[in-house]
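Q: Curious how this folds, go ahead:
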Amino acid sequence: MTFIAGVLRRAGDASAVVADMLAGDLFPASSLRFLSSSAALALGVSLTNDLPEDCFDSQPLRSGPHTLICDIRIDNRAELAAALDFPAPEAARMADSALFLAAWTRWQKDCVDHFTGAFAVAIWDSSRQELCLVRDHCGERPLYYLHDAGTFAFASMPSALRRIRDVDTSLDQDSLLHYVATGPDSSIPTYFRNIQLLQPGHLLTLKQGEAAVKRYWHPMHGAPIRLGSDAAYVEALVERFDAAVRARLRTTGKIGSQLSGGMDSSSVTATAAHMLGTTELTAFTAVPQADFSNVTLVGRFGNEAAAAAKVAAMYPNVKHVLIEPSGLDLLKVVEQTGRLTDSPVYNPLNQMWVNAILDESRARGIKVVLQAPCGNATISFGGLIGLSDLLRHGRWIQLIRQVMALRSKGHTSWRGAAYWAAGGSLPMGLRKLISPELRAFDFSFSPVHPDRAREHHLREKAFLSFFGEDKDPQAYRRRLFDYYDTGFANAGASLGWGISLRDATQDKRLFEFCLSIPIEQYLVGGQSRSLVRRSMRDRLPPEILNCTTRGLQAADWYLTMGNRRKQMREELECIRTSPMARYLLDLDRLQMLLDTWPDSGFETARVYDSWHLALSRGLAVGNFIRNFEATR
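A: Down below sits the predicted model:
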C-alpha cells in the first residue's frame with residue numbers, strides 16, 4: 001500500500017505538519033514525497049511498489065488545477081483506458097494513479113462510477129479551492145480525517161493524524177466501551193477523539209472550511225438481477241469471481257494464500273492456482289499444536305489441515321505449508337498488531353496465526369497473500385433467511401418443500417428453519433422460545449466492567465448487535481455488507497510486513513451481483529450456500545463442497561493461553577496502572593479467570609466465552625490502552 005496524508009489549515013505551516021505525520025519508523029524516508037501549493041496546504045505520500053505499473057508512479061500528480069495523491073489498485077485498467085481513449089501501449093506505461101487523475105479530469109466526481117478496485121484518493125482543485133477525498137466501494141483501503149477549528153487533515157491511518165500536536169486525539173471511551181461490549185462495528189468511526197473514518201463508498205468534499213460527506217455507492221442500490229435459469233446464475237457468478245481473483249494476482253512478486261478448510265478460501269486458492277498455471281502458489285493453513293486432542297466446541301472441527309490438503313492436492317502448482325503459530329509471543333502479537341492497525345485486537349488467538357502466516361510469507365519473498373473474509377456476504381452467503389420471504393408471501397407449499405430438502409441434507413433443523421422463516425417477524429420473547437442460542441445469551445464473552453455495562457445498557461446493545469431485529473432479507477444483507485471493512489487490517493499487513501492482503505470476495509462486482517439476485521439461488525437443491533457449491537463443482541473436492549460443519553480457528557486456544565498464564569498475570573498487573581483500563585474493564589474478573597483456569601469443559605460455550613474470549617479480549621484492550629497512554 002501507498003500511504004497518504006494532507007493538511008489544509010488557516011494558519012501555520014502545513015508542510016511541517018505533513019512531514020511530521022509521515023515521520024517515524026512506519027514510513028520509510030526514502031519513499032516519502034511532499035508537495036506544498038501554499039503555506040496553508042500540503043500533501044505527502046509514502047510510495048510502495050506492489051504493482052507492475054508502480055514503477056511509473058510519480059506522485060504527487062498535477063493536471064491543470066488538479067493535484068492528486070492516492071493509494072490505489074485499479075482492477076479494470078483495460079476497460080478504463082479504452083474509455084479514456086488511451087492506446088494500450090500508452091496505458092501500459094501509466095501508473096494507476098495517473099489513470100485515476102485522467103478519469104477525474106474527464107468525469108470529475110462521477111469518475112467513481114467507472115472504477116473497480118481498491119483506492120483512497122485525495123484531489124485538490126486549486127480553481128475551486130476544493131478538496132475531495134474518495135474511498136473505494138467496498139473498504140479495501142483505509143482513509144481517516146479530522147476537522148477541528150482551523151485544521152482539516154487526512155491520512156491513511158489514525159497514527160499519522162495523532163501526530164498533529166494541537167488537536168485532541170486522545171482515546172475515546174465511548175467507542176472503546178462499544179468495542180469491548182459488541183466488537184468491531186461500522187458505527188464506531190475510530191477509537192480516538194476527533195478522528196473520523198471515511199466509510200466505504202463515500203466521498204468527502206471540503207470547501208470554504210465546510211465538509212460534506214456523501215455516499216456514492218451501495219451494492220443494494222442497483223436494480224434486481226433476474227436470469228433465465230439456475231445454470232445462468234452459476235455462469236454469471238463464475239465470470240465475476242474469476243475477474244475478481246485475476247485482478248488480485250497483479251503483483252511484482254510471489255503470491256500466497258490463506259487456505260482453511262472452508263468454502264471461501266478454498267474457492268479463492270483453487271481459482272488462483274488454476275489461473276497461475278505453472279507459477280507456484282504457496283497456500284498456508286494454520287493448524288493446532290501437536291498435543292491438541294481435538295476437544296473443541298460441539299459441532300465444530302478443530303484441525304482444518306486435512307480438508308485444506310484435499311484442495312491443494314488438486315493443483316500441482318500449489319505448495320501447501322502448515323503453520324503452527326503457538327511459538328509466537330501472544331502479548332507481543334497483541335501489542336504489534338494494535339500499534340500497526342490503530343485498533344485493539346478483537347481475536348488475539350486468531351491474530352497469532354495471521355501474523356505467523358505473514359512472517360512466513362515475508363521469509364519466502366511473497367508480496368501478495370490472498371484471503372476471503374468477506375465470502376459470507378458474497379459468494380457463500382447462506383441464504384436461510386430467504387425462508388422468511390416464502391413465509392411472508394404465503395408460499396407455503398414451496399416453504400415446506402424447501403425446509404424438507406434442507407433438513408434431508410443436514411443444512412437445517414425444524415427449529416432452525418422456524419427461526420429463519422419467522423424469527424424476524426416475531427416478538428423477541430417468541431424468538432427466544434425458538435432459538436436456544438438467543439436464550440443462552442449471557443454476555444460472558446465481554447470483559448467490560450459491570451458498572452459500565454449497566455450504565456450504558458451494553459448487554460442489551462450487544463444482544464441486538466448479534467441477533468438484530470432484521471425484518472426481511474434485504475435489511476439482514478445490508479447489515480452484513482456494512483459489517484465488512486478490512487482497510488485497517490490491510491494497512492497493518494503492509495506496514496508491518498510489506499505484504500498486500502487481497503480479498504477476492506470483497507469485490508464491487510461480486511457484491512453488486514450477489515446482493516441483487518433472488519435469494520432462492522442460495523438454497524437451490526436443498527443446500528445452504530448453494531450458489532458457491534454449484535459454481536465450484538469442478539474446482540473443489542467433495543469434502544469441501546458437501547461439508548455442512550465449520551472449522552474453528554485457534555481451536556487449541558486453551559493450550560496456547562494455558563501455557564502463558566504467568567505472562568498474562570504480569571500483563572494484567574501492568575494494565576491495572578491505567579485509570580481508563582480500570583474504568584472500562586472488569587480487571588478483577590480477568591484475575592479470577594486466570595486464577596481458576598479450567599482443566600475440562602473446553603467444548604462448552606461457557607468455558608469458551610469466558611476463558612477464551614473475555615480473557616484474551618480484555619487483555620488485548622487493556623494492552624492497547626496502556627500502550628497508547630505510554631506514548632502520549
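
Q: gap between Asn355 and Pro184?
A: Taking Cβ to Cβ, to the nearest Å as the measure, Asn355 falls 18 Å from Pro184. C-betas here are computed from N, CA, C, even on glycine.

Q: more crowded one of these two?
A: Ranked by neighbour count (other Cβ atoms under 10 Å), Asn355 and Pro184 place Asn355 first, with 23 against 15.

Q: list the contacts for the more buried one?
A: Residues near Asn355 by Cβ atoms under 8 Å, 6 or more residues apart in numbering: 325, 328, 333, 336-337.

Q: Restricted to strands, list those residues.
A: With DSSP state E as the criterion, strands contain none of these.

Q: ranking these by neighbours, who comes first?
A: Result: Pro325 is most packed of the contacts of Asn355 (other Cβ under 10 Å), 25 neighbours.

Q: all helices for the stretch 301-450 of the chain, in order.
A: Using DSSP state H, counting those that start in this stretch, the helices of the stretch 301-450 of the chain run over 305-313, 330-341, 348-363, 387-392, 396-408, 414-422, 428-434, 436-439, 450-455.

Q: among those, which is nearest Gln196?
A: Closest to Gln196 of these, according to Cβ to Cβ: helix 330-341, at 16.8 Å.

Q: Now do that closest one, average pLDDT.
A: Across helix 330-341, pLDDT averages out at 96.

Q: try stretch 205-223
A: Per-residue scores along stretch 205-223 average to 93.

Q: Mind putting the contacts of Asn355 into CSV with distance to Pro542?
A: Converted to CSV, these look like this (distance: Cβ to Cβ, whole Å):
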residue, distance to Pro542
Pro325, 29
Leu328, 34
Val333, 36
Gln336, 40
Thr337, 37
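
Q: Show me what Leu133 is bridged to.
A: Ala122, Leu204 (DSSP bridges).

Q: What of His66?
A: Residues in a beta bridge with His66, per DSSP bridges, are Ser63, Asp125.

Q: residues near it, how many?
A: Here the number of neighbours of His66 (other Cβ under 10 Å) works out to 18.

Q: hang on, the earlier thing: of all the helices of the stretch 301-450 of the chain, which lies closest to Cys132?
A: helix 330-341 (25.9 Å).

Q: Show me what the closest one is packed up against.
A: Judged by 3 or more Cβ pairs under 8 Å, 6 or more residues apart in numbering; DSSP states H and E, the packing partners of helix 330-341 are helix 348-363, helix 487-497, helix 565-575, helix 615-631.

Q: Which of those helices sits closest to Ser266?
A: Distance to Ser266, taken as Cβ to Cβ, is lowest for helix 348-363 among the helices and strands packed on helix 330-341, at 15.9 Å.

Q: by how many degrees do the closest one and helix 487-497 diverge?
A: Here the directions of helix 348-363 and helix 487-497 differ by 50 degrees (axes from the mean of the first three to the mean of the last three Cα atoms, to 10 degrees).

Q: how close does the closest residue to Leu406 other than its chain neighbours get to Asp174?
A: Distances taken as Cβ to Cβ, 6 or more residues apart in numbering place Thr412 nearest to Leu406, at 4.6 Å, with adjacent residues excluded. As judged by Cβ to Cβ, Thr412 and Asp174 stand 39 Å apart.

Q: out of those two, which sits in the more crowded spot?
A: Thr412 (24 against 11).

Q: mind checking how far the most centrally placed residue in the chain is from Asn627?
A: Computing the C-alpha centroid of the chain and ranking residues by Cα atoms, centre = their mean puts Thr486 first, at 2.6 Å. Distance, Thr486 to Asn627, using Cβ to Cβ: 23 Å.

Q: Where does pLDDT dip in this structure?
A: For the chain, applying pLDDT under 70 flags the ranges 24-31, 37-39, 186, 469-471, 632.
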